[in-house]
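Novice: build me a model:
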Amino acid sequence: MARRERVVRMSVELPLWRALAGYRVLTMLYALLLFALNKQYIERQAVALGYLAVLAVWTLATLPKVRSAARCTRPFLAVDLTIALTGILITPLADAQAQETDGPTLPSIWTAGSVLAFALKGGWRWAGFASSLVAVANMVERGEPSGDTFHNVVLVWVASIAIGYVVEVARASERTLARALEIEAATRERERLARDIHDGVLQVLAMVQRRGAEVGGEAAELGRMAGEQEIALRTLVSSGLVPTTRASEDVSQGAVVRLVDVDDADGAEEAGGGAGEQDLRSLLARHAGAKVTLSEPGAPVLLPPAAARELAAAVSAALDNVDRHAGPGAHAWILVEDWPDEVVVTVRDDGPGIPDGRLAQAEGEGRMGVALSIRGRLRDLGGTAELISVPGQGTEVELKVPRAAAGPGGKDRT
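Specialist: Next comes the predicted model:
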């Protein structure tokens with residue numbers, strides 16, 4: 001069945017860029033407030049007012065530039081830092097007393113926003129470069145730097161480099177997580193395809209091999225070839241080389257990707273919360289017969305369609321194992337229990353049971369019926385599959401699907 005992927009992109013950087021945009025606006029207003037409160041002490045008010053007007057227009061006009069790393073381009077960073085450095089260096093021209101009184105520069109703490117933009121864009125190296133230029137400009141502006149000036153310069157330098165380093169670590173972690181999610185999605189898809197192969201192609205090849213050996217003649221040769229292909233295909237499945245659909249789209253820098261696989265046939269229903277439910281009993285009824293006894297509740301056992309189909313497929317896989325390994329005279333019983341918080345289906349037979357170590361041996365040989373067709377399906381549904389077998393006393397497989405994990409059917413029913 002064709003599948004499509006729905007990709008949701010998230011990033012821990014987005015709140016940092018939003019905070020930077022807010023910081024730039026607030027510090028721009030703070031610089032204007034300082035001018036308004038101290039303009040009577042400024043010798044050349046026209047110089048200060050002209051610079052602050054440019055600073056305000058630039059800050060408001062470039063707000064879209066500080067929304068993400070992609071929009072924050074190198075030319076923007078260069079002009080932004082130039083405006084900050086210019087404001088620092090022309091402060092003595094506007095207010096000669098600023099050097100003597102160790103007062104604030106014209107851009108004041110707005111300059112730190114320019115340095116932080118470098119940190120968010122390029123990491124700690126870019127932050128170190130920008131903060132070093134700001135430090136030199138402050139030293140030049142002060143002439144004879146005081147202890148407070150040196151303290152402020154070191155504080156901006158250390159803080160910007162630390163933030164840049166944190167951003168680099170966050171990006172590396174996001175890339176690792178995105179890759180892990182891609183691998184997980186690809187693994188789930190591979191297991192699903194392997195289950196389909198096991199339930200279809202492998203079973204047919206095994207049947208052809210058995211029937212060919214029984215008939216003999218040319219059919220025996222056909223059966224032998226089918227057996228060889230079965231072994232080759234099982235080896236391919238167990239080695240993880242089964243081709244898969246594309247697990248995800250390319251991951252952009254600084255984005256965490258959450259993958260949601262949706263079947264085309266059921267996409268609208270499953271992705272939208274599920275428009276209906278299916279009675280599990282109708283899917284299991286076809287198994288009832290002379291060799292299989294089905295015991296079920298009198299009321300419908302409702303589950304989301306996808307969950308009901310997967311649970312029914314796991315039951316089919318368990319019954320197929322009974323047919324193949326328990327002997328021609330074996331009888332099987334299916335018990336369906338509908339509890340408020342989970343649905344439990346038990347498949348039991350009166351065959352010879354499974355010898356100790358046989359399941360591990362089968363998996364090593366590439367026979368993944370229990371591992372993929374049963375346990376894999378229940379794991380994908382958030383449930384469990386427990387197999388209990390005593391040699392000479394038959395085998396019991398208990399399948400549990402919690403309603404909360406199954407989807408819309410997870411509501412308790414009274």
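Novice: shouldn't residue 384 be in contact with residue 377?
Specialist: No: counting by Cβ atoms under 8 Å, residue 384 sits too far from residue 377 to count as a contact (11.1 Å). Placement of C-beta: from N, CA and C, glycine included.
Novice: who's more crowded, those two?
Specialist: The residue with more neighbours, out of residue 384 and residue 377, is residue 377; 25 against 15, by other Cβ atoms under 10 Å.
Novice: let me know the pLDDT of that one.
Specialist: For residue 377, the model assigns a pLDDT of 83.
Novice: how about residue 264?
Specialist: On pLDDT, residue 264 comes in at 38.
Novice: ok, now residue 125?
Specialist: pLDDT for residue 125: 89.
Novice: just residue 289 next, same as before
Specialist: With respect to pLDDT, residue 289 scores 84.
Novice: that one in helix, strand or coil?
Specialist: coil (DSSP: H, G, I helix; E, B strand; the rest coil).
Novice: can you count the residues close to it?
Specialist: 9.
Novice: mind telling me what element the residue located most distally from the centre of the chain is part of?
Specialist: Largest separation from the mean C-alpha position in the chain: residue 43, at 58.8 Å (Cα atoms, centre = their mean). Here residue 43, judged by DSSP states H and E, is contained in no helix and no strand.
Novice: can you check the one 4 residues further on too?
Specialist: Under the assignment given by DSSP H and E, the secondary-structure element containing residue 47 is helix 45-61.
Novice: so which elements touch that helix?
Specialist: In this structure, helix 45-61 makes packing contacts with helix 13-38, helix 74-89, helix 91-94, judged by 3 or more Cβ pairs under 8 Å, 6 or more residues apart in numbering; DSSP states H and E.
Novice: would you mark the buried spots in the longest one?
Specialist: Within helix 13-38, the residues that qualify as buried by neighbour count (16 or more other Cβ atoms under 10 Å) are 13, 16-17, 20-21, 23-25, 27-28, 31-32, 34-35.
Novice: what number of residues lie near the closest residue to residue 219 other than its chain neighbours?
Specialist: Once flanking residues are discounted, residue 219 sits nearest to residue 212: 4.4 Å by Cβ to Cβ, 6 or more residues apart in numbering. By the criterion of other Cβ under 10 Å, residue 212 has 20 neighbours.
Novice: state the pLDDT value of residue 212.
Specialist: Residue 212 is given a pLDDT of 73.
Novice: now residue 339
Specialist: At residue 339, pLDDT is 91.
Novice: quick one: neighbours of it, just the number.
Specialist: Using other Cβ under 10 Å as the criterion, residue 339 is surrounded by 12 other residues.
Novice: next one: residue 70
Specialist: Around residue 70 there are 10 other residues, counting by other Cβ under 10 Å.
Novice: how near is the residue farthest from the centre of the chain to residue 109?
Specialist: For residue 43, the distance to residue 109 equals 23 Å [Cβ to Cβ, to the nearest Å].
Novice: and if you look at residue 153?
Specialist: Between residue 153 and residue 109 the distance is 13 Å, computed by Cβ to Cβ.
Novice: so the two - more neighbours on which side?
Specialist: Higher neighbour count among residue 153 and residue 109: residue 153, with 20 against 16, using other Cβ under 10 Å.
Novice: which stretch of helix or strand covers the more buried one?
Specialist: Element membership for residue 153 (DSSP H and E) is helix 147-197.
Novice: what is the orientation angle of that helix with helix 13-38?
Specialist: Angle between the axes of helix 147-197 and helix 13-38 is 160 degrees (criterion: axes from the mean of the first three to the mean of the last three Cα atoms, to 10 degrees).
Novice: and helix 147-197, what other elements does it pack with?
Specialist: helix 13-38, helix 110-122, helix 124-142, helix 218-238, strand 256-263, helix 377-380.
Novice: quick one, strands of the stretch 251-400 of the chain?
Specialist: Counting by DSSP state E, counting those that start in this stretch, the stretch 251-400 of the chain has strands at residues 256-263, 278-279, 292-295, 302-303, 332-338, 342-349, 384-389, 395-402.
Novice: format these as TSV; extra columns: distance to residue 58.
Specialist: Written out in TSV, the entries for these read as follows (distance: least, Cβ to Cβ, whole Å):
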stretch	distance to residue 58
strand 256-263	32
strand 278-279	61
strand 292-295	76
strand 302-303	60
strand 332-338	67
strand 342-349	61
strand 384-389	61
strand 395-402	57
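Novice: identify whichever of the ones you listed lies nearest to residue 52.
Specialist: With Cβ to Cβ, the closest approach to residue 52 among the strands of the stretch 251-400 of the chain belongs to strand 256-263: 39.8 Å.
Novice: mutual contacts of residue 153 and residue 109, please.
Specialist: Counting by Cβ atoms under 8 Å, 6 or more residues apart in numbering, residue 153 and residue 109 have no contacts in common.
Novice: rewinding a little: now the helix holding residue 153: average pLDDT?
Specialist: Helix 147-197 shows a mean pLDDT of 75.
Novice: how far off helix 110-122 does it point, in degrees?
Specialist: Going by the same axes, to 10 degrees, helix 147-197 makes 30 degrees with helix 110-122.
Novice: got the angle for helix 147-197 vs helix 124-142?
Specialist: 170 degrees.
Novice: gap between helix 147-197 and the chain center?
Specialist: 13 Å (Cα atoms, centre = their mean, to the nearest Å).
Novice: repeat for stretch 61-80
Specialist: Offset of stretch 61-80 from its chain centre (Cα atoms, centre = their mean): 29 Å.
Novice: next: stretch 83-100.
Specialist: Stretch 83-100 has its C-alpha centroid displaced from the chain centroid by 50 Å (Cα atoms, centre = their mean).
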